[in-house]
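Participant: how would this look folded up:
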Amino acid sequence: MDAGATQAEADATQERRDLYRYVTADNAEEYIAIMSLFSSTLLADLSAGEAQGALKRSGTQISIDDLEVRCRQLEQWGNLVRSVRVARAATVAEWVSSRSRYQVSKLGGRVARQVKDLLKASDGAREVARELLGVTVETLQRISNRLDNPESIDADALAGEVTTVFQNQRLFADSSKDFYAFVQSRISRYDLGGPEYAGFKEILMSYVDLISADVSRHAPAIATLLEALESRLSVMLDALDSLPSLPDTDGTITERSPGRSAEDWDELTAWYTGRSGESGPAQLRGAADQALAQLIANAKRMLAATGTGVSRRADLLRLAQWFDASDAKTSHRIFNAAFGAYPSRHLLRGPDEDNGREGPTTSWWDAEPVDVPLSLRERGDRAARGRASRVLDPGLEREILLNEAQEEAERLEAATAELIASENLNGARLSPAARELLLDRFGALMAAEQDLTEAMVHTDTSLGLTLIVIPAEGHRTVIYSDDGSLTVHDLLLEVHPADVSFAVERAMTGTR
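Facilitator: Okay, the predicted model is just below:
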């Protein structure tokens, strides 16, 4: 594959990723409401004004200008496309409000439906569509019966049954993955116990066993029928191809229904037979075994905790024996030692240098905290354990810091060169790094001169650039970037090299 094809594939992949950008962008709620509106009906063709009215009726308030900006941004991401319908307007105002009409793109609509389903989904367990396994066996048997008489095949009925098989398989596989992902995320928790543990035990001991039983009963029959269909697959595909289908347009391959190609049937057969790796039924049985093993591990942990980690029964019995064998004075001393009932006193195992302000009668509440060594705190002795840690060589860290500083300097240098090359920034297209550098220097200038009444100059000698800001009421500076546009109202911005004196003189005199 040549470099041009590789770059084209990378660009296409990036375009697909951009379709999801509105979900996490600023004003995501407004973007989601707009995409829900455009994807809610077939062939939705709306202008910004019409979309505003529809959104207002659904409870979303957004101005016409902001809505137009959101639609243009969604168009850049590929979620919306411009409509080719000519707008009819009786007045200029109507024409202005309806001159831009939008429609949802194919992939944009699919993403909007995915986002809507994801936002509506709950965090709870999802039922497994296990009943579809038996339906799949019956449907495959009917397909096999139809192929017994190739001359009298009902292609429409065959197509419906083929689509049913693949749709059922997709729903069963997706629901199984969601269910076992939920079980694994909950059952592996270390703090699982009590009623929650009992609920998961019921799920694993009954529902998972029910799923495993259905899979064990129907999966072999499905695998046998699929293998038997392989010898007659060409006859079935020819019958399906004889039906009217959607032709390819603009050289783009049409996305066909599942089951219309030999690859689809190979993947389905491999899922049940495991010819290309571990089969789907084997994976389900393995997931069930793993979940049950984790359940048993949690049960052992809880039993171990109640036997040794939490219960102090043996210690309390030994303490009771000491009380029974002691007189009153000794019993008081044992009680104070066992339950820490001594008065709050500072025992002066404190800092090495006495500050003179704390004595034996100083309360722990008022005294400075004391750093108790780990050996003394955990084991009650001062014996040193382990070995001294190795002294790290700072050379590698120094090299990393120098490389990071060099890369940062190179990025600033490239951004500076890009700004200087643009000069007049109105209408310029900058990289995000150059735009951030401009905003940084522009912010420094505005912090010093918040009320601009005349042209101002900000020179950065370290970077070698001069920023000129000229007040111009009614004008604006618009800067474009790959991730958005920046608009500065009533100001004109220019960037020149720091040693260009004529640019500074021109800015100070206000000439353009």
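Participant: from here on, contacts and neighbour counts on C-alpha atoms
Facilitator: Noted.
Participant: how deep is Gln73 tucked in, by neighbour count?
Facilitator: By the criterion of other CA atoms under 10 Å, Gln73 has 17 neighbours.
Participant: ok, Arg318 next?
Facilitator: Using other CA under 10 Å, the number of residues around Arg318 comes to 11.
Participant: show me the contacts for it.
Facilitator: If you count contacts by CA atoms under 8 Å, 6 or more residues apart in numbering, Arg318 has none.
Participant: ok, it to Ser431 distance?
Facilitator: 75 Å (CA to CA, to the nearest Å).
Participant: repeat for Thr136
Facilitator: From Thr136 across to Ser431, the span is 54 Å (CA to CA).
Participant: between those two, who's got more neighbours?
Facilitator: Per other CA under 10 Å, whichever of Thr136 and Ser431 has more neighbours is Thr136, with 23 against 15.
Participant: pLDDT value on the more buried one, please?
Facilitator: Note for Thr136: predicted pLDDT of 90.
Participant: name the element it belongs to?
Facilitator: Per DSSP states H and E, Thr136 falls inside helix 131-147.
Participant: how about Leu317?
Facilitator: Taking DSSP H and E as the criterion, Leu317 maps to helix 313-324.
Participant: list the buried ones in that helix?
Facilitator: Phe323 (16 or more other CA atoms under 10 Å).
Participant: quick one: it to chain centroid distance?
Facilitator: Computed by CA atoms, centre = their mean, to the nearest Å, the chain-centroid distance of helix 313-324 equals 56 Å.
Participant: next one: stretch 52-70
Facilitator: Its chain's average C-alpha position is 27 Å from that of stretch 52-70, according to CA atoms, centre = their mean.
Participant: what element comes up after the longest strand anywhere in the chain heading to the C-terminus?
Facilitator: In the chain, assigned by DSSP state E, the strand with the most residues is strand 465-481. Past strand 465-481, further along toward the C-terminus, the next helix or strand under DSSP H and E is strand 484-497.
Participant: in that following strand, which residues are buried?
Facilitator: Buried residues in strand 484-497, counted by 16+ other CA under 10 Å: Leu491, Leu492, Leu493, Glu494, Val495, His496, Pro497.
Participant: what residues are up against Leu243?
Facilitator: Applying CA under 8 Å, 6+ apart to Leu243 gives the contacts Ala155, Asp156.
Participant: so it sits in a helix?
Facilitator: No: secondary structure of Leu243, determined by DSSP: H, G, I helix; E, B strand; the rest coil: coil, with no helix assignment.
Participant: may I have the phi/psi pair for it?
Facilitator: The phi/psi pair for Leu243 (degrees, to the nearest 10) reads phi -80, psi 150.
Participant: so how far is Met236 from it?
Facilitator: If you go by CA to CA, the gap between Leu243 and Met236 works out to 12 Å.
Participant: so what's Leu438 closest to, chain neighbours aside?
Facilitator: With CA to CA, 6 or more residues apart in numbering as the criterion, Leu438 has its nearest non-adjacent residue at 7.7 Å, and that residue is Leu419.
Participant: residues of the one helix or strand that neighbour maps to that come out buried?
Facilitator: Assigned by DSSP H and E, Leu419 belongs to helix 394-422. Residues Leu412, Ala415, Thr416, Ala417, Glu418, Leu419, Ile420, Ser422 are the ones in helix 394-422 that count as buried (16+ other CA under 10 Å).
Participant: what's the answer for stretch 448-462, then?
Facilitator: Ala455, Met456, Val457, His458, Thr459.
Participant: counting by contacts, list what the helix holding Thr136 packs against.
Facilitator: Contacts defined by 3 or more CA pairs under 8 Å, 6 or more residues apart in numbering; DSSP states H and E place helix 131-147 against helix 155-187, helix 208-229.
Participant: average pLDDT for the shortest one?
Facilitator: For helix 208-229, mean pLDDT rounds to 87.
Participant: let's have the buried residues of strand 484-497 in JSON lines, adding distance to Arg275 and pLDDT.
Facilitator: JSON lines is the format used below for the buried residues of strand 484-497 (distance: CA to CA, whole Å; pLDDT from 0 to 100):
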{"residue": "Leu491", "distance to Arg275": "68", "pLDDT": "85"}
{"residue": "Leu492", "distance to Arg275": "68", "pLDDT": "87"}
{"residue": "Leu493", "distance to Arg275": "66", "pLDDT": "86"}
{"residue": "Glu494", "distance to Arg275": "66", "pLDDT": "87"}
{"residue": "Val495", "distance to Arg275": "65", "pLDDT": "88"}
{"residue": "His496", "distance to Arg275": "67", "pLDDT": "87"}
{"residue": "Pro497", "distance to Arg275": "67", "pLDDT": "87"}
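Participant: for these, which one is nearest Asp393?
Facilitator: When the buried residues of strand 484-497 are ranked by distance to Asp393 (CA to CA), Pro497 comes first, at 42.4 Å.
Participant: the closest residue in space to that closest one that isn't next to it in sequence pairs with what?
Facilitator: For Pro497, ignoring the flanking residues on the chain, the nearest one in space by CA to CA, 6+ apart is Leu465 at 4.5 Å. With DSSP bridges as the criterion, Leu465 is bridged to Asp460, Pro497.
Participant: just give me the neighbour total for Leu465.
Facilitator: Leu465 has 21 neighbours, counted by other CA under 10 Å.
Participant: Thr453 in helix, strand or coil?
Facilitator: At Thr453 the chain is in coil, as set by three-state DSSP.
Participant: what do you get for Ser276?
Facilitator: coil.
Participant: isn't it up against Ala270?
Facilitator: Yes: contact between Ser276 and Ala270 holds when scored by CA atoms under 8 Å: they sit 6.0 Å apart.
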